[in-house]
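> Predicted model follows, preceded by the sequence.
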Amino acid sequence: MTSDIVFDEGTLGPEVSLVGDWMWGRPERDSRATLGVGLARGDLNVGGNGTDGDLHLFDRGNEIRVHLDSGDGAAEGTARVYLDGGSGNALLGGEGQDGDLVLEDGENVERIQLDSGTGSPVKWEQVRVYLNGADSDIVLGGDGRDGDIVVQDQADRNRIHVDGGGGHVDRRVRVHLDGSDGDATLGGDGRGGDLRLRDGDGNERVHVDGDAGDIRVGPIESLVTRIRELERRVAELED
């Protein structure tokens, strides 16, 4: 390592460079620099000139726990937080700790929590979106808001709406499950709704046909047709 230290006032304020194997400066000003500190702006520049920059944070036991990687490298073995600038990926957890991501609103209230394990506490009085990787659970709503799931088709039209609170429903929705009133509505927007029930062998046993206004049960071709036939026979007997 060289001891050639260069102080440069620069156009943006004072800078200091250590030229050699370790170099302080800005890559755009010094083709040899790979680590730079801009004192005027409070900048730390790591990497450049053919070298990608990495930043490692150690715990008290000298284990790397946070690894910021500007290139396409790999996370250090003991890192629990890994940010890869090359691929745009963020990895949280590992090494005995499950990873969590918590997002707060503008009032510092936790609203979204992504939980890869089960050990992290959840502020249910605040969180409105909760995803749990250990139990494969998704919880939506709460704290004054009902939860909804909306699925669109390839033309960006709302087709399925699972509604926890019975709010507004897009007229293009063809499947609507209303948790507030316990209703299920099928069909609409040019399509009749159908409900089919099968037995354990996959045979269709009940078919509720919204277009025909009919119910087909088991081997009976049409429940409506059978009822009408029974009504006709009863009328004949009464005559």
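Yes, it's here.
> How is this structure divided into domains?
Following automatic domain parsing, the chain resolves into domains at 4-46, 54-95, 100-145, 147-192, 194-238.
> mind putting those in TSV, mean pLDDT included?
Shown next, in TSV, are the domains of the chain (pLDDT from 0 to 100):
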stretch	mean pLDDT
domain 4-46	56
domain 54-95	90
domain 100-145	92
domain 147-192	93
domain 194-238	83
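> Redo the ones you listed as a markdown table? Include mean neighbour count.
(Glycine included, C-beta is placed from N, CA and C.) Putting the domains of the chain into a markdown table (neighbours: other Cβ atoms under 10 Å) gives the following:
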| stretch | mean neighbour count |
| --- | --- |
| domain 4-46 | 15 |
| domain 54-95 | 14 |
| domain 100-145 | 14 |
| domain 147-192 | 14 |
| domain 194-238 | 11 |
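> Spatially nearest residue to residue 149 (excluding sequence neighbours)?
Spatial nearest neighbour of residue 149, chain neighbours left out: residue 162 (4.2 Å); criterion: Cβ to Cβ, 6 or more residues apart in numbering.
> host element of the one you found?
strand 158-163 (DSSP states H and E).
> next SSE after that strand?
Going down the chain from strand 158-163, the next helix or strand is strand 175-178, by DSSP H and E.
> Point out the other elements, helices or strands, that that next one touches.
strand 158-163, strand 183-188 (3 or more Cβ pairs under 8 Å, 6 or more residues apart in numbering; DSSP states H and E).
> so which of those strands gets nearest residue 229?
In terms of Cβ to Cβ, the element of the helices and strands packed on strand 175-178 nearest to residue 229 is strand 183-188, at 27.3 Å.
> Could you tell me how far the helix or strand just after the closest one lies from the centre of the chain?
On the C-terminal side of strand 183-188, the closest following helix or strand by DSSP H and E is strand 191-192. Here strand 191-192 is found 32 Å from its chain centre; the criterion is Cα atoms, centre = their mean, to the nearest Å.
> strand partners of strand 191-192, parallel vs antiparallel please.
Partners of strand 191-192 in the sheet, by DSSP bridges, are strand 183-188 (antiparallel).
> relative to strand 158-163, how tilted is the partner strand?
If you take axes from the mean of the first three to the mean of the last three Cα atoms, to 10 degrees, strand 183-188 sits at 170 degrees to strand 158-163.
> Just the element for residue 225, please.
Under the criterion of DSSP H and E, residue 225 resides in helix 223-238.
> Any idea how far that helix is from the middle of the chain?
56 Å.
> Would you mind measuring from the residue nearest to residue 149 to residue 180?
12 Å (Cβ to Cβ, to the nearest Å).
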